[in-house]
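Undergrad: test case, fold it:
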Amino acid sequence: MIIIHGENTITSRDKLLDVISDYKKQGIELVRLEAKDLSEAQLETTLGEGDLFGTKKAIIIEGLHSLPKSEKQKTLIKLCCNATNHEIVLWEKRELTATMLKPFPQAQVYAYKASKTLFSWLDLLGTNGNETKKIQLLHDAIETDGDFFCFIMLIRQFRLLIQAKTGEKIAGAPFMISKLQKQAQQFSLEQLLKIHQQLLIFDFEQKTSKSLLSMNQWLDLFTVKL
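TA: Here you go, the predicted structure:
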């Protein structure tokens, strides 16, 4: 079994593609499943399938640990743990805890975390002063995590700040929620919505090659102007 997880989904996706490529080179049949659309019966049937020659399959399941905690999730995890006929690959867009990994002691685990520098940069956005420090943190984060991932996490940060500002429920540890609520106080709701719109516009311009600025240049400018 292989488990690929972590908030740095760009790098973890690259790892998943490498794993898939290796299976293809070995001539192993691939089966890709989305956990949110997967039933216990469907997974049990897929795991039990075989052919007269005992050919193995590689069954790739995405988002198993992102499902709500339930009997269904427990059953799906148990089925994966007990699978012996085929290769199992779990891909998760979140970082799994030691408790979540405990049922899979024999798994090859690849964790792709966002750097502490990236979170430090995000936490300083909206605060007065420290402009040089903000830019340095951004550049260090880009070097470690990549500019595109920094941009994705920037969009995520402002979505969370909007949730904090409007009193919507935020999933996460209490200390993280407290930090977001404090940071949200630096902005009005109107400012947060405007910033979020700017992020979406730049994302569109990047994807359609209409932006005159590179991702690095835009992130620099955004950090300074904010």
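Undergrad: quick one, domains of this protein?
TA: The record assigns the chain these domain ranges, following automatic domain parsing: 2-111, 116-225.
Undergrad: kindly reformat those as CSV containing mean neighbour count and mean pLDDT.
TA: C-beta coordinates here come from the backbone N, C-alpha and C atoms, glycine included. Output for the domains of the chain, formatted as CSV (neighbours: other C-beta atoms under 10 Å; pLDDT from 0 to 100):
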stretch, mean neighbour count, mean pLDDT
domain 2-111, 15, 91
domain 116-225, 15, 93
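Undergrad: from residue 169, how far out is residue 177?
TA: 9 Å (C-beta to C-beta, to the nearest Å).
Undergrad: confirm residue 88 sits in a strand?
TA: Yes - assessed with DSSP: H, G, I helix; E, B strand; the rest coil, residue 88 lies in a strand.
Undergrad: for residue 108, see how far away it is.
TA: For residue 88 relative to residue 108 (C-beta to C-beta), the value is 11 Å.
Undergrad: for the two, list the residues in contact with both.
TA: 1, 2 (C-beta atoms under 8 Å, 6 or more residues apart in numbering).
Undergrad: isn't there a strand covering residue 33?
TA: Yes - looking at residue 33 with three-state DSSP, it is inside a strand.
Undergrad: who does it bridge with?
TA: residue 61 (DSSP bridges).
Undergrad: strands of the chain, residue ranges please.
TA: 2-5, 29-34, 57-62, 87-91, 108-111 (DSSP state E).
Undergrad: who wins for proximity to residue 75 among those?
TA: Nearest of those to residue 75, taken as C-beta to C-beta: strand 57-62 at 13.1 Å.
Undergrad: contacting residues around the closest one?
TA: Outside strand 57-62, the residues touching it (C-beta under 8 Å, 6+ apart) are 16, 20, 23, 28-35, 38, 43, 46-47, 49, 76, 80, 83, 86-92.
Undergrad: check stretch 195-215 too.
TA: 147-148, 151, 154-155, 158-159, 162, 187, 218, 221-222, 226.
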